[in-house]
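Trainee: sequence? don't have it. structure:
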């Protein structure tokens, strides 16, 4: 039976969410996983996956089930986070199928449906030169060649051919008595034509871009 992560295997401080359990695979406790990356190598880089419970649906009320809606089958109560010791994992189409120690029947695997999968950032494979993980870019400051601060990376979008940085400029202070001013956001293609340098130690991205583009 799966156990909660103990002190010696505590939830890592640098944990990054990399996938979600879709449900059981096969009859012997296998799991079917949806990776959050088109290249799911991070999931194969470690045999330790940390699981957190599914997020409740938007607008859902968190609390006990009303007595008027009895459940036909109640999932076992799990103590989160869980540490999953992966035995084998491989790609199967656009998903990943995996087996884990102490997970040996379909009901136990189904009980993990919806669980979020995290692994330590330190376990990620080393990227190639001029390649970066999205998680490392979020939070970096963005400046152009003239030294103008354009804002901070708050996310990225995958448009297919390329990725696009979502850069949020600092909101200007509102005039006295006015409501807060909403911060503006610009989109910068993450390609060499516009991105001169990514300085991870300096927490900055240098771009050929103007604030009024």
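Mentor: Received it, and whenever you're ready, just let me know what you need. What you are looking at is a predicted structure, and each value in this text was computed from that prediction instead of being measured. Numbers count the residues shown, from 1 in each chain.

Trainee: count of neighbours near the closest residue to residue 148 other than its chain neighbours?
Mentor: Leaving aside its chain neighbours, residue 148 sits nearest to residue 211 (6.1 Å; criterion: C-beta to C-beta, 6 or more residues apart in numbering). C-beta coordinates here come from the backbone N, C-alpha and C atoms, glycine included. A count of neighbours around residue 211, defined by other C-beta atoms under 10 Å, yields 14.

Trainee: Residue 84 now?
Mentor: Applying other C-beta under 10 Å, I find that residue 84 has 23 neighbouring residues.

Trainee: Next, find the distance separating the residue nearest to residue 148 from residue 184.
Mentor: 9 Å (C-beta to C-beta, to the nearest Å).

Trainee: Residue 32 now?
Mentor: Distance of residue 32 to residue 184, given as C-beta to C-beta: 41 Å.

Trainee: got it, and residue 35?
Mentor: Using C-beta to C-beta, residue 35 is found at 33 Å from residue 184.

Trainee: Which other helices and strands does the helix or strand containing residue 23 contact?
Mentor: Assigned by DSSP states H and E, residue 23 falls within strand 15-25. Secondary-structure packing of strand 15-25 (3 or more C-beta pairs under 8 Å, 6 or more residues apart in numbering; DSSP states H and E): strand 30-35, helix 41-44, strand 95-100, helix 106-110, strand 116-120.

Trainee: Make JSON lines out of these and add mean neighbour count, mean pLDDT and distance to residue 205.
Mentor: Listed next are the helices and strands packed on strand 15-25 as JSON lines, based on neighbours: other C-beta atoms under 10 Å; pLDDT from 0 to 100; distance: least, C-beta to C-beta, whole Å:
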{"stretch": "strand 30-35", "mean neighbour count": "21", "mean pLDDT": "96", "distance to residue 205": "26"}
{"stretch": "helix 41-44", "mean neighbour count": "18", "mean pLDDT": "92", "distance to residue 205": "22"}
{"stretch": "strand 95-100", "mean neighbour count": "20", "mean pLDDT": "96", "distance to residue 205": "31"}
{"stretch": "helix 106-110", "mean neighbour count": "17", "mean pLDDT": "94", "distance to residue 205": "42"}
{"stretch": "strand 116-120", "mean neighbour count": "21", "mean pLDDT": "96", "distance to residue 205": "24"}
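
Trainee: out of those, nearest to residue 84?
Mentor: Judged by C-beta to C-beta, the one of the helices and strands packed on strand 15-25 that comes nearest to residue 84 is strand 95-100, at 4.8 Å.

Trainee: Provide the strand pairings for that closest one, with the direction of each partner.
Mentor: According to DSSP bridges, strand 95-100 has the following sheet partners: strand 30-35 (antiparallel), strand 82-92 (antiparallel).
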